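> Take this sequence and fold it.
(chains A and B)
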Protein chains: 2
Amino acid sequence: MDVLVPFAGRDPKTRLGNTLSSDERRAIAASMRRDVCEAIRDAGYEPTVLSTAPIDADVPVVVDERSLSVAVNDRLDPPMAVVMADLPLATPEALTRIFDADGDVVIAPGLGGGTNVLLVRHPEFRVDYHGASVRDHRRAATEIGATIETVDSFRLAVDVDETADFVEVLLHTDGRTAQWLEDVGFRLRVDGGRVGIERA
Amino acid sequence: MDVLVPFAGRDPKTRLGNTLSSDERRAIAASMRRDVCEAIRDAGYEPTVLSTAPIDADVPVVVDERSLSVAVNDRLDPPMAVVMADLPLATPEALTRIFDADGDVVIAPGLGGGTNVLLVRHPEFRVDYHGASVRDHRRAATEIGATIETVDSFRLAVDVDETADFVEVLLHTDGRTAQWLEDVGFRLRVDGGRVGIERA
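Predicted coordinates:
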């Protein structure tokens, strides 16, 4: 089974722009992508990165400048999994729950309505990542008579879009992304019972 | 096995104060608590609510005005589970993963470092919910030689503290809390590809 890892190669993680420079955003995006690809490999599959621009990587890369949904649908060849590149909490164990799940369409929801991991076994299914995609993907699966399985995973639900998400990376991982965050000075801050993030 | 559900009976969910009135905060807190207690019952256990003030409830309630950790530790009688009352995404299936897990201490982490569900089978373990409690509970378990099992669940990780969390309730549940949110006018808003919340 092929595993696609879509990646914004040109200007990644713009919502981190308030705390990270452009170079830093590229660095953390690459760290997360590498963590995700390693977890996929350790789960027994070979990732292919689907990037909007050429990148340096030690896994196969295909470049497609078009929008995410168009680029994925153009390559959708069931059975196929699509794993977002910004899931540094992903572990082989969590991904294996997806890869081993029954269902014509298997979904790991992301926080905020996204579809962080998707496994497609039905030939008529098409992705649409815009908006509340987890809801739209459920509807699309139902409309074509595909069975749906949902994998209930915290590790696959947390995508890193904003600085506050660094808390989860530092608390629950020790991969490249956590190391990068520590190297550039990010630390957990416990303040009045709540956990935040600060940069030294 | 006893299952405790700690609940702030007096002034719940203060961080929802920017969008909800004091009465509304009490109402949504009660809805969430009832959803959680129902999920616990459907998983085959009888919840006991541990409230800081007297409340109306159709499950046993014990009132203890002291702080959360002190009140829980005073009643900790392994094996015992502690399930936070603000987890409206909790399902019997997700809770069963906790109740059936091996380990002297079983933890479902919450977003932001909390410990949303905890199952204690070790007689020396004590809780400390202040700060990054998931980290502190792991350390405490290690210090007493207790084995730790972590349950990787999105449904148990999402506690509702802020208005943005309503997105998850509306997308992934249809219980009392989702119904209450809809009744008072909350709707999903998809805007520029991101999912937010609005009140009619």
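> Burial check on A:Ala178, number of neighbours?
A:Ala178 sits with 21 neighbouring residues when counted by other Cβ atoms under 10 Å in any protein chain shown. No exception for glycine: its C-beta is placed from N, CA and C like everyone else's.
> Surely A:Ala71 forms part of a helix?
Yes. Under DSSP: H, G, I helix; E, B strand; the rest coil, A:Ala71 sits within a helix.
> How about it, nearest residue that isn't a chain neighbour?
A:Asp64 (4.0 Å; Cβ to Cβ, 6 or more residues apart in numbering or on different chains).
> anything in stretch A:177-193 near chain B?
Yes. Using Cβ under 8 Å from any Cβ of the partner chain, stretch A:177-193 comes into contact with chain B via A:Leu188, A:Val190, A:Gly193.
> Can you classify the residue nearest to the last one when sequence neighbours are not counted by secondary structure?
Setting aside the residues directly before and after it, A:Gly193 is nearest to B:His130 in space (Cβ to Cβ, 6+ apart), at 5.3 Å. Using three-state DSSP as the criterion, the local structure at B:His130 reads coil.
> need the contact list for the residue nearest to A:Ala71.
For A:Asp64, the contact set (Cβ atoms under 8 Å, 6 or more residues apart in numbering or on different chains) comprises A:Leu50, A:Ser51, A:Thr52, A:Ala71, A:Asp74.
> Equivalent analysis for A:His130, please.
A:Ser69, A:Asp136, B:Gly193.
> and chain A, which of its residues are near chain B?
Residues of chain A lying near chain B (Cβ under 8 Å from any Cβ): A:93-94, A:108-109, A:111-113, A:130-132, A:134-135, A:152-158, A:167-168, A:171-172, A:188, A:190, A:193-195.
> from the residues you listed, which ones fall inside helices?
Judged by DSSP state H, helices contain the following of those: A:Glu93, A:Ala94, A:Val134, A:Arg135, A:Phe154, A:Arg155, A:Leu156, A:Ala157, A:Val167, A:Glu168, A:Leu171, A:His172.
> For chain B, see how far away the residue nearest the centre of chain A is.
Central residue of chain A (Cα atoms, centre = their mean): A:Met84, 2.3 Å from the mean position. Distance, A:Met84 to chain B, using Cβ to the nearest Cβ, to the nearest Å: 14 Å.
> Verify the contact between that residue and A:Ala108 for me.
No. Counting by Cβ atoms under 8 Å, A:Ala108 is not a contact partner of A:Met84; they are 9.4 Å apart.
> list residues touching both of the two?
What both A:Met84 and A:Ala108 touch, as defined by Cβ under 8 Å, 6+ apart, is the set A:Asn116, A:Val117.
> before we move on, which element is A:Gly145 in?
With secondary structure defined by DSSP states H and E, A:Gly145 is part of neither a helix nor a strand.
> With A:Val82 instead?
strand A:80-83.
> Show me what counts as buried in that strand.
Of all the residues in strand A:80-83, those buried under the rule 16 or more other Cβ atoms under 10 Å in any protein chain shown are A:Met80, A:Ala81, A:Val82, A:Val83.
> try stretch A:39-52
Buried residues in stretch A:39-52 (16+ other Cβ under 10 Å): A:Ala39, A:Ile40, A:Ala43, A:Tyr45, A:Pro47, A:Thr48, A:Val49, A:Leu50, A:Ser51, A:Thr52.
> ok, the second one - contacts?
In this structure, A:Ile40 makes contact with A:Val3, A:Val5, A:Glu46, A:Pro47, A:Val83, A:Pro92, A:Leu95, judged by Cβ under 8 Å, 6+ apart.
> I'd assumed A:Phe7 was in contact with the fourth one.
In other words, A:Pro47. No. Counting by Cβ under 8 Å, A:Phe7 is not a contact partner of A:Pro47; they are 10.3 Å apart.
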